[in-house]
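In: Sequence first, then the predicted structure, then my questions.
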Amino acid sequence: MPRKGDHTERPPLGDPHDPHGWHLVTEAFFEWMAVTNYSPRTIHNRRNYLTYFIRWAMERGLTRPNEVTKATLERYQRHLLHYRKRDGDPLATRGQHSRLTPIRAFFKWTTRQNLTLYNPASELDLPRMEKRLPKHILTEAEAEKIMGMPDVKDPLGLRDRAMLEVLYSTGMRRMELMNLTLHAIDEERGTVMIRQGKGAKDRMIPIGDRAIAWVRRYLDEVRPSLVREPDPGHLFLTNLNEPFTPNRLTQMVRDYIKAADIAKQGSCHLLRHTCATLMLENGADTRFIQQQLGHAELSTTQIYTQVSIRKLKEIHTATHPAKIRDSRNKSQKPEDPKPEPPEEPGDDSGA
């Protein structure tokens, strides 16, 4: 029985011997993605989302990509809009967007390869993405409470503390933490090198002294007992001498946040949001935060200017005309407005 997270081989999509059928054409597409240096994760995600569409198309008798038309894709887009998940909820706009984007990339490629006469997805309008603020942001006190949850007397608890500290100090992504190597952290310079982060980009960012100290303790006291030859070279290892999987890392962080009993939910991304927001509130420029988080566009980072409310609150308190100006009255409750005197009864005699 495969372990959780393993992927079994999937049956081919359509006739595996048809040179113009879904199976061979999509495999050629994924091979092209690998040759042009798309990340394995991107290829995996596009394969999943394309499979949803191809199975839908095959149920409607479409066995080849060149049988798909613009009208077909518009029908599929309406299908996604009305689709309901197992729990009865609709697909979020981001979910619809994620399923349509690989279709556009796929048909752009098939047209360039002369496998389709025209690109049926060239005029496909993707759903407008919602610009949502992070659901939860931790205060500094809440973040510190989470940092203190692992039992550092236990070797795995000490390892977990080091991982939480790195996430909180740097704001790096979950996959970036999982892929850190033994020599990624430069203790002398106080930096960490993230190799092939999102978008296959390297970046060097600062890391705090406290996080470095916890990582050093983990390296000295814990990792030697976790590693077995051949050493995989990853900084953080499970008790099975393996790098963390995304699900396992997410669950670990989520459990500590839940144990902290702070009435907020989240996992690795919650610490990422918190790192950026607290830095901004303490005076960091958004361009520095952009570099820290590895955002390709400044507009992505600017969302934190809406989350960071402390500066706006200070300005509001200092400038709004309804503030209590007399410092002697700050500790007192505002007085209730005096009631207006009742009107004199009018003369209803009509005389």
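Out: Perfect, thanks for sending it. Numbers count the residues shown, from 1 in each chain.
In: Give me the phi and psi angles of the residue most central in space within the chain.
Out: In the chain, the residue lying closest to the centroid (C-alpha atoms, centre = their mean) is residue 269, at 5.7 Å. Comment: the main-chain dihedrals of residue 269 come out as phi -70, psi -30, following degrees, to the nearest 10.
In: wait, isn't it in contact with residue 174?
Out: Yes - with contacts defined as C-beta atoms under 8 Å, residue 269 counts as touching residue 174 at a distance of 7.4 Å. C-beta here means a position set from N, CA and C on the backbone, and glycine is covered the same way.
In: Mind checking what secondary structure residue 120 has?
Out: Here residue 120 is coil, with the state taken from DSSP: H, G, I helix; E, B strand; the rest coil.
In: Run a quick neighbour tally on it.
Out: 23 (other C-beta atoms under 10 Å).
In: measure it to residue 108 for me?
Out: Distance check for residue 120 against residue 108: by C-beta to C-beta, to the nearest Å, it reads 10 Å.
In: Give me the domain ranges for the chain.
Out: Taking automatic domain parsing as the criterion, the chain consists of the domains 22-112, 140-307.
In: Compare these and say which comes out lowest on pLDDT.
Out: The stretch with the lowest mean pLDDT among the domains of the chain is domain 140-307, which comes in at a mean of 89.
In: Could you tell me how far that one lies from the centre of the chain?
Out: Between the centre of domain 140-307 and the centre of its host chain there is 14 Å, according to C-alpha atoms, centre = their mean, to the nearest Å.
In: Can you give me the pLDDT of residue 310?
Out: What the model reports for residue 310 is a pLDDT of 66.
In: Tell me where the stretch 201-350 of the chain has helices.
Out: For the stretch 201-350 of the chain, helices defined by DSSP state H, counting those that start in this stretch occupy the ranges 209-221, 223-226, 246-259, 268-281, 286-293, 298-301, 304-307, 310-319.
In: Revised request: answer the last question for the stretch 1-150 of the chain.
Out: Counting by DSSP H, counting those that start in this stretch, residue ranges of the helices within the stretch 1-150 of the chain are 22-35, 40-59, 70-82, 93-112, 140-147.
In: who's in contact with the second one?
Out: With C-beta atoms under 8 Å, 6 or more residues apart in numbering as the test, helix 40-59 has contacts from 10, 13-14, 22, 26, 30, 33-34, 68, 72, 76, 79, 98-99, 101-103, 105-106, 175.
In: Pull out the buried positions in it.
Out: Using 16 or more other C-beta atoms under 10 Å as the burial criterion, the residues of helix 40-59 that qualify are 42, 43, 46, 47, 49, 50, 52, 53, 54, 56, 57.
In: export these to CSV and tack on distance to residue 237?
Out: Listed next are the buried residues of helix 40-59 as CSV, based on distance: C-beta to C-beta, whole Å:
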residue, distance to residue 237
42, 25
43, 26
46, 30
47, 28
49, 31
50, 34
52, 35
53, 38
54, 38
56, 41
57, 43
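In: Nearest to residue 244 among the residues you listed?
Out: Within the buried residues of helix 40-59, distances to residue 244 taken as C-beta to C-beta reach their minimum at residue 42, with 19.8 Å.
In: For residue 273, grab the count of nearby residues.
Out: Summarising burial for residue 273: neighbours were counted as other C-beta under 10 Å, giving 22.
In: what about it, distance to residue 284?
Out: Here the criterion is C-beta to C-beta. By it, residue 273 lies 14 Å from residue 284.
In: between the buried residues of helix 40-59, which is closest to residue 246?
Out: residue 42 (14.2 Å).
In: residue contacts, the closest residue to residue 293 other than its chain neighbours?
Out: Distances taken as C-beta to C-beta, 6 or more residues apart in numbering put residue 171 closest to residue 293, at 5.3 Å, once the chain neighbours are dropped. The neighbours of residue 171, taking C-beta under 8 Å, 6+ apart as the test, are 271, 272, 275, 276, 279, 292, 293.
In: If you rank the residues you listed by neighbours, which is first?
Out: Looking at the contacts of residue 171 with neighbours defined as other C-beta under 10 Å, the largest count falls to residue 271 at 27 neighbours.
In: Distance of that one relative to residue 61?
Out: 49 Å.
In: do residue 21 as well
Out: Counting by C-beta to C-beta, the separation of residue 21 from residue 61 is 13 Å.
In: now residue 120
Out: Residue 120 is 16 Å from residue 61, where distance means C-beta to C-beta.
In: Residue 93: what's its closest spatial neighbour, skipping adjacent residues?
Out: For residue 93, ignoring the flanking residues on the chain, the nearest one in space by C-beta to C-beta, 6+ apart is residue 127 at 4.9 Å.
In: give me the number of residues near that neighbour?
Out: Residue 127 has 16 neighbours, counted by other C-beta under 10 Å.
In: and residue 195, that's in a helix?
Out: No - with three-state DSSP as the criterion, residue 195 is located in strand rather than a helix.
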